[in-house]
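Student: Take a look and give me a structure for this.
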Amino acid sequence: MSDTSEKKLSRNEHIKAESHGLRGGIAEGLGEVITGQLDEDDTQLTKFHGIYQQDDRDLRPERGRKKMEKAFSFMARVRVPGGQMTPAQWLALDDIAEERANGTLRITTRQAIQFHGIIKSNLRPAINSINKALLDTLAACGDVNRNVMCAVNPYETAQHAAALKLAEDLSDHLSPRTTAYHEIWVDGENVVDTSRDAGEEDEPIYGRTYLPRKFKITVAVPPQNDVDVYAHDLSFVAILQDEQIIGWDVLVGGGMGMTHGETDTFPRTADHLGSCTPEQAVDVAEKVLIVQRDYGDRSVRKHARLKYTIETHGIDWFRREVEQRLGYTLGLAHVPVFTGRGDRYGWVEGDNGAWHVTLFIESGRIKDWTTKRIQSGMRAIARMLDGGVIILTPNQNLTIANISAAQKPVVEALLAEHDMATTADTGLRRNAMACVALPTCGLALAESERYMPELLTVLEGELAGAGLREDEIVIRMTGCPNGCARPYLAEIAFVGRGPGTYNLYLGGSFNGDRLNKLYRADVGQDAIVAALGPLFRDYAGQRQPGERFGDFVIRTGHVAATTAGNTFHQDVAA
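Tutor: Next up is the predicted model:
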């Protein structure tokens, strides 16, 4: 029984319970042509279908003066377990972007694809077309297990195949069972009596109110931590022996979101729960999710993630609850050795003789710029690929995998023709991530995707002056404190506070196992440069052999190390 059973449930819990299996009034709302928006309660339910209602915030002032409705549109997120799709699927998504959305695709920080700017009349045709491409948006958002991330290492074929299979198995097993998705978006008609309540038998894992909050899973293969295993609710890290995966280390309780000014909310790194055999992994995931379903806080949504459940009860209590439901004991936890989190750009020959190339995609935005014609180039490559696959990386980049030796020169020529980069110009930009933020995200307090490239150019000048142009430093930016680009694990991070204003964090570890710490609050670009320029020069002159920037600022006393999530707001430099 949930610890919150005697507490007042949050509004979202009532919306879910009364939704008739996530149906609500979505179908009826789609038919209302007098408005571009959906009912407020239904916008909570559409998240389970992978859809967020948004509006163009750049247009709010003008439309407000004219007494017009906001420029409503929808973001739809395509669920792509492990980030892997066929060239045909890529082409289908590209067509949908042109015909139904704003013409661009965006790779998310969780290996999914987002469409932006879908108006309400285009929403059902867009989702229907995604389904025809054998993809879907179901559970890409909402209080369920979301898109499962997976390590991108296709040149280690056997390991990658095992990791990808686990990601796909987890995604399939933990998908919602409601038929509402197909009724609304695919078939267009009800096949059940929605006058009755959708009982728990319709959702054998989730029940009628699903999870207290979102749930995120990753699968990693050391030494690369490209999926950021310590940032998520549940992670499986490969235990390797003779280059084979013989088991999985299990991590639980990571999470990035917090709220400015509320110190009882904080990011948290995951704990090591134990280990399991390859055959046990899906069962372990289900039982971890079920414990969170039963004990997660359903009264206060800001406190509803698994990280707070474990923070409240402790990792030993959580392990006992999981093992009780499993009926067996987990193995001893391992501590994996990670060497980095970035993507390995450029061409690599795999152990099966095929070739793979990873492209740099700034902030994950797929479009044709003035010179870099990424969207056209990917369209041309996808049309000629025979047997290849396209993989979205956890760092918002693209890997084109399983390219035959005969096709390699053709792909190289297309990359050159469209000015598509196989790396970024500097070590800082190669390790940068940004969330979408303005103008579409309703939570954004400041710019992120549109501003990050400009700020990077300025900071690259400071680094070049210190002789650090090629140094790898993990840097991330978000427009609000919810942490979609996982900023609190970066060596340098900017979190939006207001227009042109950010909190500056320093001291995350290069390999992703340590949170950073607030260094300066409410700073704009001039203050950011004034703060970081001297630090870069000190780092260049005083660092120890092999010392990373995040370790340097802690050793030299600029920030204190964050040893646990519940100390994130303590001993800040500002």
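
Student: Under the pLDDT cut-off, which ranges of the stretch 351-500 of the chain? List them.
Tutor: For the stretch 351-500 of the chain, no stretch is flagged by pLDDT under 70.

Student: 90 instead, please
Tutor: For the stretch 351-500 of the chain, applying pLDDT under 90 flags the ranges 351-353, 387.

Student: now the helices for it?
Tutor: 374-384, 408-417, 427-430, 452-465 (DSSP state H, counting those that start in this stretch).

Student: looking at those helices, which is closest to Glu156?
Tutor: helix 408-417 (18.9 Å; Cβ to Cβ). Placement of C-beta: from N, CA and C, glycine included.

Student: Let's check: the centremost residue of the protein is which one?
Tutor: Arg110 (2.8 Å; Cα atoms, centre = their mean).

Student: Please report how far that residue lies from Gly25.
Tutor: According to Cβ to Cβ, to the nearest Å, Arg110 and Gly25 sit 29 Å apart.

Student: Then Pro278?
Tutor: Taking Cβ to Cβ, one finds Pro278 at 44 Å from Gly25.

Student: repeat for Arg293
Tutor: 26 Å.

Student: again, but for His356
Tutor: 46 Å.

Student: Compare the two (neighbour count), which wins?
Tutor: His356 (23 against 15; other Cβ atoms under 10 Å).

Student: who does that one bridge with?
Tutor: Val348 (DSSP bridges).

Student: Correct me if wrong: Gly255 contacts Asp233.
Tutor: Yes: with contacts defined as Cβ atoms under 8 Å, Gly255 counts as touching Asp233 at a distance of 6.5 Å.

Student: Quick check: neighbours shared by these two?
Tutor: Jointly contacting Gly255 and Asp233 under the rule Cβ atoms under 8 Å, 6 or more residues apart in numbering are Lys216, Arg305, Leu306, Lys307.

Student: Now, these that are in strands?
Tutor: Nothing among those maps onto strands, per DSSP state E.

Student: Which of these fall within helices?
Tutor: Judged by DSSP state H, helices contain the following of the shared contacts of Gly255 and Asp233: Leu306, Lys307.

Student: okay, the shared contacts of Gly255 and Asp233 in a markdown table with neighbour count next?
Tutor: Converted to a markdown table, the shared contacts of Gly255 and Asp233 look like this (neighbours: other Cβ atoms under 10 Å):
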| residue | neighbour count |
| --- | --- |
| Lys216 | 21 |
| Arg305 | 27 |
| Leu306 | 29 |
| Lys307 | 28 |
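
Student: Now distance to Ser175 and pLDDT too, for the shared contacts of Gly255 and Asp233, in a markdown table please.
Tutor: A markdown table is the format used below for the shared contacts of Gly255 and Asp233 (distance: Cβ to Cβ, whole Å; pLDDT from 0 to 100):
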| residue | distance to Ser175 | pLDDT |
| --- | --- | --- |
| Lys216 | 15 | 98 |
| Arg305 | 20 | 98 |
| Leu306 | 19 | 98 |
| Lys307 | 23 | 98 |
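
Student: Looking at the shared contacts of Gly255 and Asp233, which one is closest to Val553?
Tutor: Lys307 (25.0 Å).

Student: hang on, that closest one packs against Gly255?
Tutor: Yes: at 3.9 Å, Lys307 and Gly255 qualify as touching, with contact defined as Cβ under 8 Å.

Student: residues shared between the contacts of those two?
Tutor: What both Lys307 and Gly255 touch, as defined by Cβ under 8 Å, 6+ apart, is the set Asp233, Arg268.

Student: How about the contacts made by the nearest residue to Pro487 once chain neighbours are set aside?
Tutor: Nearest residue to Pro487, sequence neighbours excluded (Cβ to Cβ, 6 or more residues apart in numbering): Ala493, at 3.7 Å. Neighbouring residues of Ala493 by Cβ under 8 Å, 6+ apart: Ile475, Arg476, Met477, Thr478, Pro487, Leu504, Tyr505, Leu506, Gly508, Asn516.

Student: part of a strand, is Ile245?
Tutor: Yes: counting by DSSP: H, G, I helix; E, B strand; the rest coil, one finds Ile245 located in a strand.

Student: distance of the nearest residue to Val495 once chain neighbours are set aside from Asp264?
Tutor: Residue nearest to Val495 in three dimensions, not counting chain neighbours: Asn503, with 4.8 Å by Cβ to Cβ, 6+ apart. Look at Asn503 and Asp264: by Cβ to Cβ, they are 18 Å apart.

Student: which of those two has more neighbours?
Tutor: Asn503 (21 against 12).

Student: The more buried one against Phe494, yeah?
Tutor: Yes: counting by Cβ under 8 Å, Asn503 touches Phe494, with 7.3 Å between them.

Student: if I read this right, Asn511 contacts Pro222, doesn't it?
Tutor: No: with contact defined as Cβ under 8 Å, Asn511 does not count as touching Pro222 (10.0 Å).

Student: Quickly list what's touching both of those two.
Tutor: Residues touching both Asn511 and Pro222 (Cβ under 8 Å, 6+ apart): Phe338.
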